[in-house]
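Visitor: From the sequence below, what's the structure:
(one chain, ligands or ions: 1)
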Amino acid sequence: MMKCNLLKLSVLLLIGGLFACDSDPKLSEKALIPLPEKVVEQNGVFTIDENTKVFIDRPELEGVGVFFSKFINHSTGFNIQVVTEKPESDYIALELGLDAPDEGYGLDVRPDVIRIKGASTEGVFRGFQTLRQLMPVAIEKEGGFEGGSWKIPGVKIEDAPEYAYRGSMLDVARHFFGVEDIKRYIDLMSLYKMNYLHLHLADDQGWRIEIKSWPKLTEIGGSTAVGGGEGGFYTQEDYKEIVAYAQERFITIVPEIDMPGHTNAALASYPELNCNGEAPELYTGIEVGFSTLCTDKEITYQFIDDVVRELVELTPGPYIHIGGDESHVTPLEKYIPFIEQVQDIVNSYDKRVIGWDEIAHAALRPSATAQYWSKAENAKMAVDQGAKVLISPATKAYLDMQYDSTTQLGLHWAAYIELDSAYLWDPAELEEGISKDDILGVEAPLWTETITTMNELEYMVFPRLIGIAEIAWTKPGLREWDDYKSRLIKHEERLKALGVNYYSSPLLKKGKAK
Ligand code: TNX
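Guide: Here you go, the predicted structure:
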């Protein structure tokens, strides 16, 4: 290794980088997911060593600069610093001012310098995730160095996302997942340039967010889960910690309080929210569609206003999700004015509404988004009203659907979804009448009726989420199953280094990567 470096150094001086070392990493060995828009190989490699610096050309980049240097130091054991004065060479430059869409970035890896230039700090952050995938897999492990070398193959990349919203949802209501689990999920999402995490915070089986003005929601409603387990909830401090952790990774949290159905936990906590004034028992089964807030009572709207106000105080992002799905025991003539009034409550706090596709039965406010999960006709009704659609078809994007009939966890009411099925679709081609301009983005939800641990969660999510991330980021004309599959096979090594309990599909074993 040393010899090769010395030889290379002298040859570099003589003929300037035309000579490569056999041990140098090749671009073709790397797996970039999501696939960038334009990738051109360049001569030479950049080697990160203890003298490498992270150079920022603007103060706004300090946050990302510190984040990257910590990330690199964590596995290399180096003490790489962020500097504001341009070094001679051996540095990673973070720059702003790229003329590209918001999260667009350029990445240029040369032997003396790596440049990441973004249209925004967010773009620089996304560019770093690409650089990370060009680094040795050991970068994913604490102290992963073990005498290896941190070489990155020369390349020039130009990239920008297809959709502005690229997300996932976790149902923390059916089974509760604590702050550390959510942070791990956020970290994993960020590797694939995802930017929204929707938390399904309340359902029949549990209320998971502290609301100070209605404390029994968590005292009573948070006390159990599917199967009768002990449940749990986030205090507002916990929740702020999640939001801040996500923000540092340029991920926006979207909180959901499902209503008027899926509300048994709230109804069990406060009898006055029921039309008959009586609190039902807590519920630990997995049926849907049996509960409803009393849409005729004034107190219901006071309750919603209080909940939304407290949530808004915890939410720097633009969206509040109001659920609205499967309200089978709320008559449509009551459901419609309810959804309209709740939209006005959310809008009065300067937030935009997202709701499941059923909300399109109501008059949608101009900033509302319908999340298409089940009925194309609902999604089209939303589009006809000028609303945007968030694409989450249960048959393609539901991460709780089983891979095949042998999968132990999960459900299969919508479909079995193998890796090819989860990848081989285009949001803008899914339904006639819903085109790219109508689409806010793509989201893959994980419902947790059958999922109780992080290990189980990872098994259902990975690697399907990775394919969804590529659908949301990469232009459809650049996506191709065989090529994706071969990148995913190479990427397995990185998943292993991250300790992800992914589903090792038979599709990844047949026809190994070239
Ligand atoms: C349907 S998707 C639901 C959820 C369930 C899920 C299970 C949606 C808006 N409603 O309440 O958890 O199916 O796959």
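
Visitor: Run through the residues that contact the nearest residue to T84 once chain neighbours are set aside.
Guide: Spatially, and ignoring its direct neighbours in sequence, T84 is nearest to I56 (6.1 Å; CB to CB, 6 or more residues apart in numbering). Just so you know, the C-beta spots here come from the backbone N, C-alpha and C atoms, and that holds for glycine as well. Neighbour list for I56: E62, G65, V82, V83, T84, A93, L94 [criterion: CB atoms under 8 Å, 6 or more residues apart in numbering].

Visitor: ditto for H200
Guide: Contacts of H200 by CB under 8 Å, 6+ apart are M169, L170, D171, V172, A173, E256, D258, H321, P445, W447.

Visitor: now do T448
Guide: Contacts of T448 by CB under 8 Å, 6+ apart are L170, D171, V172, A173, R174, H175, F177, V226, D400, L457.

Visitor: what's the distance between P366 and the ligand?
Guide: 23 Å (CB to the nearest ligand atom, to the nearest Å).

Visitor: Helix, strand, or coil at that residue?
Guide: coil (DSSP: H, G, I helix; E, B strand; the rest coil).

Visitor: State whether V40 is indeed within a helix.
Guide: No. Counting by three-state DSSP, V40 falls outside a helix, being strand.

Visitor: doesn't V54 make contact with G65?
Guide: Yes. G65 lies in contact with V54 (CB atoms under 8 Å); the separation is 4.9 Å.

Visitor: sorry, back to before: ranking the contacts of I56 by neighbours, who comes first?
Guide: L94 (28 neighbours; other CB atoms under 10 Å).

Visitor: Identify the bridge partners of that residue.
Guide: Per DSSP bridges, the residues bridged to L94 are I56, I116.

Visitor: Please list all residues in contact with it.
Guide: L94 neighbours (CB under 8 Å, 6+ apart): V54, F55, I56, D57, L61, V64, G65, F68, I116, G118, V124.

Visitor: so which residue of the stretch 401-514 of the chain comes closest to the ligand?
Guide: Nearest to the ligand, among the residues of the stretch 401-514 of the chain, is W447, at 3.4 Å (CB to the nearest ligand atom).

Visitor: ok, back up a step: in strands, which of the contacts of T448 fall?
Guide: Among those, the members falling in strands (DSSP state E) are L170, D171.

Visitor: Among the contacts of T448, which ones lie close to the ligand?
Guide: Counting by CB under 6 Å from any ligand atom, D400 from those sit close to the ligand.

Visitor: what number of residues lie near the residue of the stretch 401-514 of the chain closest to the ligand?
Guide: 24.

Visitor: Over to S374?
Guide: Count around S374 with other CB under 10 Å applied: 19.

Visitor: hmm, back to that, now, which of the contacts of I56 lie within helices?
Guide: E62, G65 (DSSP state H).

Visitor: got the contacts of I56 as a markdown table, with distance to the ligand columns?
Guide: Formatted as a markdown table, the contacts of I56 follow (distance: CB to the nearest ligand atom, whole Å):
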| residue | distance to the ligand |
| --- | --- |
| E62 | 41 |
| G65 | 40 |
| V82 | 43 |
| V83 | 49 |
| T84 | 48 |
| A93 | 45 |
| L94 | 40 |
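
Visitor: and the contacts of I56, which two are the farthest apart?
Guide: Of all pairs drawn from the contacts of I56, the one with the longest distance (CB to CB) is E62 and A93, at 13.9 Å.

Visitor: Can you tell me which residues in the stretch 201-350 of the chain are near the ligand?
Guide: V288, D325, E326.

Visitor: Tell me which residue in the stretch 201-350 of the chain sits closest to the ligand.
Guide: For the stretch 201-350 of the chain, CB to the nearest ligand atom, closest residue to the ligand: D325, 3.5 Å.

Visitor: Remind me which helix or strand that residue belongs to.
Guide: Using DSSP states H and E, D325 falls within no helix or strand.

Visitor: Contacts only, for it.
Guide: D325 neighbours (CB under 8 Å, 6+ apart): D258, G261, H262, G355, W356, D357, E358, W373, S374.

Visitor: nearest spatial neighbour of the second one, skipping sequence neighbours?
Guide: Looking back up the chat, that one is G261. S327 (3.5 Å).

Visitor: What residues does the one you found make contact with?
Guide: P260, G261, H262, G289, T292, Y335, E358.

Visitor: Just read off the phi/psi values of the nearest residue to E326 once chain neighbours are set aside.
Guide: Leaving aside its chain neighbours, E326 sits nearest to G289 (4.5 Å; criterion: CB to CB, 6+ apart). Dihedral angles of G289 (phi, psi; degrees, to the nearest 10) stand at phi 90, psi 20.

Visitor: Neighbours of G289, how many?
Guide: For G289, using other CB under 10 Å, the count is 14.

Visitor: If you rank the contacts of S327 by neighbours, which is first?
Guide: H262 (28 neighbours).

Visitor: How about the secondary structure of that residue?
Guide: State at H262, reduced to three classes by three-state DSSP: coil.

Visitor: residues contacting the nearest residue to it once chain neighbours are set aside?
Guide: Computed as CB to CB, 6+ apart, the closest residue to H262 that is not its neighbour in sequence is D203, at 4.7 Å. D203 sits next to D171, A173, R174, D258, H262, T263, N264, A265 when contact means CB under 8 Å, 6+ apart.

Visitor: how about the residues you listed in JSON lines, adding pLDDT?
Guide: Below are these laid out as JSON lines (pLDDT from 0 to 100):
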{"residue": "D171", "pLDDT": "98"}
{"residue": "A173", "pLDDT": "98"}
{"residue": "R174", "pLDDT": "98"}
{"residue": "D258", "pLDDT": "98"}
{"residue": "H262", "pLDDT": "98"}
{"residue": "T263", "pLDDT": "98"}
{"residue": "N264", "pLDDT": "98"}
{"residue": "A265", "pLDDT": "98"}
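
Visitor: and of those, the nearest to D350?
Guide: Taking CB to CB as the measure, D350 sits nearest to D258 out of the contacts of D203, at 21.9 Å.

Visitor: Am I right that that closest one falls within a strand?
Guide: Yes. Judged by three-state DSSP, D258 forms part of a strand.

Visitor: Use 304 as the first number for this chain going forward.
Guide: From this message on, residue numbering opens at 304, which makes the last subject D561.

Visitor: since we're on it, how many residues are nearby?
Guide: When neighbours are counted by other CB under 10 Å, D561 registers 26.

Visitor: and it, what does it touch?
Guide: Per CB under 8 Å, 6+ apart, neighbours of D561: A476, H503, A505, D506, I625, G626, G627, D628.

Visitor: Check V649 too.
Guide: V611, I623, I625, R655, V656.

Visitor: will you turn those residues into TSV that also has pLDDT and neighbour count?
Guide: Listed next are the contacts of V649 as TSV, based on pLDDT from 0 to 100; neighbours: other CB atoms under 10 Å:
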residue	pLDDT	neighbour count
V611	98	22
I623	98	25
I625	98	24
R655	98	19
V656	98	24
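
Visitor: Inside helices: which ones of those residues?
Guide: Using DSSP H, the contacts of V649 in helices are V611.

Visitor: Brilliant, that's me finished.
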